[in-house]
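Q: sequence first, then the predicted structure, then my questions.
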Amino acid sequence: MTSSDIVLASASPRRADLLTQVGIRFSVVPSRVPEDILPGESPEDHVERLSREKALEVASRAEVPGRWFIGSDTIVLRDETILGKPHDAEEAAVMLRSLSGRSHRVLSGYAVCDRETGHCESAAVSTVVIFKELTEAEIAGYIASGEPMDKAGAYAIQGLGVFMVRRIEGSYTNVVGLPLCEVVEALERLGAVRLFND
């Protein structure tokens, strides 16, 4: 198997790091799919649909080598409100205040599509994240670090933002951006990888 057999349809360095961590060889070709929410679409349907569309869009490009394509999309949900990436420091502060001292959900969709057979496996995975009460100084200091600005929900659990997280219920890698257990299982079922020989 070569590194071009598996293609990650995402520019996210965090997703790439997770796949690398378990020894999977892959290439990266970011998708061009717009991340619009469709009318009446549930958050779960949204992340799963986008994951499939991202994988299939990259797989449809004749110039891209590879057989198995991985797509993923992650959102932060406060109650049923989707928190995207903040546009500026003020919006990041509003998001962080709204998450302070309470729980929220992180939803990641994933899709693994086999270009040769046309078969796709996809699903959405949910993790509950509980934040401690944040002071205004902590919010200001965290925003000043720059970390919140390209992160859904204005924080990164794998970075400095971990100081805010009192506990999680569910998959840690899902919060980072790729539910690794489920993705590896799908890759193994489709014959793309075998982490350990029998």
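A: Noted; the coordinates are in hand.
Q: end-to-end on stretch 191-198?
A: End-to-end distance of stretch 191-198: 14 Å, with CA to CA, to the nearest Å as the criterion.
Q: what does the pLDDT read for Ile168?
A: At Ile168, the model reports a pLDDT of 98.
Q: once you drop chain neighbours, what's closest to it?
A: Nearest non-adjacent residue to Ile168, counting by CB to CB, 6 or more residues apart in numbering: Val129, 5.2 Å away. C-betas here are computed from N, CA, C, even on glycine.
Q: center of this protein - which residue?
A: Gly177 (2.6 Å; CA atoms, centre = their mean).
Q: these two touch, right, that one and Ser108?
A: Yes: contact criterion CB atoms under 8 Å: Gly177 and Ser108 qualify, at 6.3 Å.
Q: from the middle of its chain, how far away would stretch 182-198 be?
A: Its chain's C-alpha centre and that of stretch 182-198 lie 19 Å apart, by CA atoms, centre = their mean, to the nearest Å.
Q: same question but for stretch 125-132, I mixed them up
A: The chain centre lies 14 Å from the centre of stretch 125-132; the measure is CA atoms, centre = their mean.
Q: what's the answer for stretch 11-31, then?
A: On the basis of CA atoms, centre = their mean, stretch 11-31 sits 11 Å off its chain's mean C-alpha point.
Q: between the two ends of it, what distance do you get?
A: 8 Å.
Q: quick one: the helices in the protein?
A: Listed in chain order, the helices of the chain (DSSP state H) span 13-21, 43-59, 89-99, 136-144, 172-176, 180-189.
Q: how many neighbours does Ser126 have?
A: Residues near Ser126, counting by other CB atoms under 10 Å, number 17.
Q: ok, now how distant is it from Phe69?
A: Distance, Ser126 to Phe69, by CB to CB, to the nearest Å: 23 Å.
Q: does anything pack onto the least confident helix or strand in the chain by mean pLDDT? Which helices or strands?
A: When each helix and strand of the chain is scored by mean pLDDT, DSSP states H and E, strand 81-83 comes last, with a mean of 91. Here strand 81-83 touches strand 68-78, helix 89-99, going by 3 or more CB pairs under 8 Å, 6 or more residues apart in numbering; DSSP states H and E.
Q: swap in 10 Å and give it another go.
A: helix 43-59, strand 68-78, helix 89-99, strand 103-114 (3 or more CB pairs under 10 Å, 6 or more residues apart in numbering; DSSP states H and E).
Q: in its sheet, which strands sit next to it, and in what direction?
A: strand 68-78 (antiparallel) (DSSP bridges).
Q: what angle sits between the partner strand and helix 13-21?
A: Using axes from the mean of the first three to the mean of the last three CA atoms, to 10 degrees, the direction of strand 68-78 lies 130 degrees away from that of helix 13-21.
Q: and strand 68-78, average pLDDT?
A: 96.
Q: how about that strand: buried residues?
A: Residues 68-77 are the ones in strand 68-78 that count as buried (16 or more other CB atoms under 10 Å).
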